[in-house]
Each structure stands twice: as C-alpha cells, then as structure tokens.
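> What follows is a protein structure lacking sequence information:
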C-alpha cells in the first residue's frame, strides 16, 4: 500500500521468489506466478469492493493502526487492502487458508464477503476456513 521505486519493487519480487524457492517450494509440483500479472485479482477486488461497506473496513484494527502511523492520512489502498486479500482467496475458490492471528479478522471479512455474494447471486464461492499457524 506504499509507493515503491520500480527498481526496488522488481528486486523485491526477485528476492521473494528466491526465498520461496529456498524454502523448498518445487515449481514442478505447484504453480508459482506473479499475482500482479493476473488481472482477475484486481477485477474481482473491484466487484467485491462494490459489495463491502466502508464502516466494516474502518473497524478493522490494521486500518486503525496503520492509519495512525501515517499521521491520520490513511490511503484508499490501505483501506481496501483487505478486500483485495478477500479477492486473492476467493478467486481460487480456496476452502482453507493458512493465517496468523493478525490476519483472522481479514479472513472473517473474506468469509462475510463470500456469504454476501452467495446470498445475492447464488452459491459460487466456498466460504474459506482458517488454518491457524502459531508462527
């Protein structure tokens, strides 16, 4: 949610990819791709954002904390980031999502959005469940 210099962003992508491979992820056994090259993430985030009310996003603790650290000038990107996370999860019809305690409320938002969408348009998205990690 913070602007980055293009060269730094490119290097961060390479560093993250190297770290994922170093952890033992085998690209011959799983899909490894740059999410930013998949326009459906942003497209679904827009659709889901049109179904999500602002007061719900303003109640998320991460918004309050990060907004405070940005001198009360939180950005739209910061506010809507949890909706993008929901799109990231729901796009692939994920049923289980590994999360840390700090992301439980964001997953609950994804669950609520999936339920709201399904109620309005028919069963489409599974409601994802958390796999809590102690790490």
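Right, received. Where do you want to start? Quick caveat, the model's predicted, so the values are computed rather than measured. Residues are numbered from 1 along each chain as shown.

> going forward, measure contacts and count neighbours with C-alpha atoms only.
Noted.

> What are the buried residues along stretch 102-119?
Across stretch 102-119, burial judged by 16 or more other C-alpha atoms under 10 Å covers 104, 106-117.

> Kindly apply the preceding question to stretch 37-53 instead.
Buried residues in stretch 37-53, counted by 16+ other C-alpha under 10 Å: 41-42, 44-46, 48-49, 52.

> ok, now stretch 51-66?
Quick answer for stretch 51-66 (16+ other C-alpha under 10 Å): 52, 57, 62-63, 66.

> swap in stretch 115-134?
115-117, 125-130.

> Kindly report the same for stretch 23-42.
41-42.

> Give me the contacts around it.
21, 84, 87-88, 91 (C-alpha atoms under 8 Å, 6 or more residues apart in numbering).

> what distance separates it from the centre of its chain?
14 Å (C-alpha atoms, centre = their mean, to the nearest Å).

> and the end-to-end length of that stretch?
From its first residue to its last, stretch 23-42 covers 28 Å (C-alpha to C-alpha, to the nearest Å).

> which stretch of helix or strand covers the most centrally placed residue in the chain?
Centrality entry for the chain: nearest residue to the mean C-alpha point is residue 85, 1.5 Å, by C-alpha atoms, centre = their mean. According to DSSP states H and E, residue 85 maps onto helix 76-91.

> who touches the closest residue to residue 101 other than its chain neighbours in this structure?
Of all residues not flanking residue 101 in the chain, residue 132 sits nearest, at 7.0 Å (C-alpha to C-alpha, 6 or more residues apart in numbering). Counting by C-alpha under 8 Å, 6+ apart, residue 132 touches 98-101.

> Kindly report the same for residue 106.
60, 82, 85-86 are the contacts of residue 106 under C-alpha under 8 Å, 6+ apart.

> Distance from the chain centre to the helix or strand containing it, please.
Assigned by DSSP H and E, residue 106 belongs to helix 104-121. Distance of helix 104-121 from its chain centroid, counting by C-alpha atoms, centre = their mean, is 13 Å.

> between that helix and helix 76-91, how big is the angle?
Between helix 104-121 and helix 76-91, the angle comes out at 70 degrees (axes from the mean of the first three to the mean of the last three C-alpha atoms, to 10 degrees).

> Fine by me, thanks again.
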